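> Kindly generate the corresponding structure for this input.
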Amino acid sequence: MNAEWSLDVLYKGYDDPKFQEDFQKVDEVCEKVNAFAAGLPAGDAKENVRTYLELQEETANMIYSLGIFANLRQSVNTSDSDSVSYMGRLMGKMASTTKADTVAKKYIASLENLDELIESDSLLKEYEYLLKQIRENDKYTLSDEAEEVIAKFDISGGSGWSDLQSYLTSSVQVDYRGEKITLSAARNLAYDADEKARKDAYEAELSCYDKIKDSVAFALNNIKLQVINAAEMRGFASPLDETLHNSRLQKETLDALIESIEEYLPLFRSYLKAKAVYLGHHNGLPWYDLFAPVGKNDGKKFTAEEAGEYLVNLFSEFDQSMADMIGRAFDEAWIDFYPREGKVGGAFCAGLPLQKQSRILTNFDGSFSAVDTLAHELGHAYHNLCIEDHRILNSDYTMPVAETASTFNENVVMSAAVESVTEPEARLALLESQLMEITQVICDIYSRYLFETAVFARREGEFMFADELCKMMMDAQKRAYGDGLDSEAMHPYMWVCKGHYYSTGNSFYNFPYAFGGLLARGLYAKYKEEGASFVPKYREMLRATPVTSCEGAAAIAGIDLTKKEFWQMSLKSYEKEIAEYIELSKRLRK
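Numbers count the residues shown, from 1 in each chain. From the prediction side, this is the model:
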């Protein structure tokens, strides 16, 4: 088993003749796209729509491989100048077709008989949802020239600022106990069993941000202003309105989710306060102890191989196709496991739709939490597995449902672990792991939602320097965590290290985690109730996510997302675990 992923299924390197050939072919495809658009509206309507779809498929087949390859290469080496260069050149090539794509989509949206055309052709029928989305999106599309200008300027604008944040946070050095370590390594120490190590790492982490905070503040301000201006130009009421539209999610659903979370915040704060007391704190939990281990387990550290065996065995009881996929992921070098200098922090999963595979990045440290993270990312890979029979243009699902399968996997892992243990100290440790994760999904995600809402509200009229952004982050954390956290030991720089804020195309990449987490909790409850008969329904729901709304996909599993009752049920289901945690922590407290 390899510790680093292999990208050979894409290309063997930038000097691979196939990479160079495909990269050159992009120009040919772009020329065909531009020539096609220049000839509209002449010709037969149905044939024009077919040609558009076929050209888009040809473009996607090539761009997906080239773009994913460069992005994956850069994610494990942010100083890789070749990756940065090729990605920039590729974006430039694609920007040259923005005007043509806008022309073609406006043409399709203008067809009065589009529904009739869709019913008359098998290719159009497969892309029915996509074509109808083009018609719906037309009201928010600018002129051909304006869309082209926005796309070209984003390369050196928002995307450039995003690259700066990624580079700075992956390359900054943290001074920890006389040594230089990476930011991701410092943040991983938050899980260390030694309180002094956790606190020292927390203080060292906060200190390191002084080196980069001003540059990252400029990145955040400029990205958000670009998003505000583009949303306004397109006719959206706000960036949140644009996000909901792009997410295929109703505002009614988001409101039901947020209001339910606000109602249940005291429940999760009670867990934080119990943990604080257990650890000897009396004014709430200091940030550096948010991830502190509680209780005692066998202290087992997993090797990557052991993690793979554990997950294959566990998920074979749920769905053998998932277990088989997990086995492939470990055996065929889909995963890049360990932290190293220049590698981005955190974890993610990237689908390779043409190859019907995925690639997973983690910063694996052998802990049970790291195994849980692997299960989370493999949930994304399972989602990709469920949609692999779709045509290439039907392979994208939206942010909210993107976190459903991953968080469902976490439920499977944690439930199995808790059910298998009866010894009080070990049970407390497992409950801690479960509740720590869901409290992040509820409280921390809510704080990020509040922070980003505040940033957008203020950015249109003012520039926010680093110190002001720190104050805004502290205010958001206080509202979300309340008396569960020690107000004198919070994390004012969470806006610096979280890459989700630094995108012009994915604003509010925070509430989808809460959405996915609570949707997954409800789905898992259905699985426990229905057993094996639930699995085909679950797979069908995941398969539907690229070709329907969030509400439509959930309806396949019998869930109405617009009603608070569902979200409240999911939140309320944690009452039992939190009550047991509080009782055990009191009994076992030294």
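
> A489: how many residues sit nearby?
The number of residues packed near A489 is 18, by other CB atoms under 10 Å. The way it works is simple: take the backbone N, C-alpha and C, and place the C-beta from them, glycine included.

> For it, which non-adjacent residue is spatially closest?
P286 (3.4 Å; CB to CB, 6 or more residues apart in numbering).

> what sits against that neighbour?
Contacts of P286 were listed using CB atoms under 8 Å, 6 or more residues apart in numbering, and they are K199, A276, L485, D486, E488, A489.

> Mind doing that once more with 10 Å?
195, 198-199, 202, 276, 279, 292, 485-491 (CB atoms under 10 Å, 6 or more residues apart in numbering).

> which SSE is V413 in?
For V413, the host element (DSSP states H and E) is helix 404-419.

> Next SSE downstream of that helix?
helix 424-439.

> tell me the angle that following helix makes with helix 404-419.
Angle of helix 424-439 versus helix 404-419, following axes from the mean of the first three to the mean of the last three CA atoms, to 10 degrees, is 160 degrees.

> residues of the helix or strand following helix 424-439 that come out buried?
Once helix 424-439 ends, the next helix or strand along the chain (criterion: DSSP H and E) is helix 445-459. Across helix 445-459, burial judged by 16 or more other CB atoms under 10 Å covers 445-456, 458-459.

> As a check, name the ranges of all strands in the stretch 151-300 of the chain.
173-176, 179-182 (DSSP state E, counting those that start in this stretch).

> what separates the last one from the chain centre, distance-wise?
Spelled out, it's strand 179-182. Distance, stretch centre to chain centre, for strand 179-182: 27 Å (CA atoms, centre = their mean, to the nearest Å).

> Low-confidence ranges, the protein, go.
298-299, 590 (pLDDT under 70).

> longest helix anywhere in it?
Longest helix of the chain, by residue count under DSSP state H: helix 45-75.

> which secondary structure elements does the next helix or strand after that helix contact?
Next helix or strand after helix 45-75 toward the C-terminus (DSSP H and E): helix 81-95. Under the contact criterion of 3 or more CB pairs under 10 Å, 6 or more residues apart in numbering; DSSP states H and E, helix 81-95 touches helix 17-38, helix 45-75, helix 144-156, helix 158-171.

> Try it again at 7 Å.
In terms of contacts (3 or more CB pairs under 7 Å, 6 or more residues apart in numbering; DSSP states H and E), helix 81-95 is packed against helix 17-38, helix 45-75, helix 144-156.

> one step back: what comes up buried for the longest helix of the chain?
Buried residues in helix 45-75 (16+ other CB under 10 Å): 45-46, 48-53, 55-56, 58-60, 62-70, 72-75.

> now do stretch 1-20
Going by neighbour count (16+ other CB under 10 Å), the buried part of stretch 1-20 is W5, L7, V9, L10, Y11, Y14, F19.

> coming back round to it: who wins for neighbours among the contacts of P286?
Ranked by neighbour count (other CB under 10 Å), these have L485 at the top, with 27 neighbours.

> Run through the residues that contact it.
L272, G284, L285, W287, Q477 (CB atoms under 7 Å, 6 or more residues apart in numbering).

> Which one of those is nearest to L124?
Q477 (49.5 Å; CB to CB).

> Go ahead and report the secondary structure state at that closest one.
Judged by DSSP: H, G, I helix; E, B strand; the rest coil, the three-state class of Q477 is helix.

> Who are the contact partners of it?
Q477 touches S447, L485, M490, counting by CB under 7 Å, 6+ apart.

> what would the residues you listed look like in a markdown table with distance to F515?
Listed next are the contacts of Q477 as a markdown table, based on distance: CB to CB, whole Å:
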| residue | distance to F515 |
| --- | --- |
| S447 | 16 |
| L485 | 23 |
| M490 | 25 |
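
> could you dump the strands of the stretch 151-300 of the chain to JSON lines with distance to E580?
Below are the strands of the stretch 151-300 of the chain laid out as JSON lines (distance: least, CB to CB, whole Å):
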{"stretch": "strand 173-176", "distance to E580": "36"}
{"stretch": "strand 179-182", "distance to E580": "37"}
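
> which of those strands is buried the deepest?
Across the strands of the stretch 151-300 of the chain, averaging neighbours per residue (mean count of other CB atoms under 10 Å) puts strand 173-176 on top, at a mean of 17.
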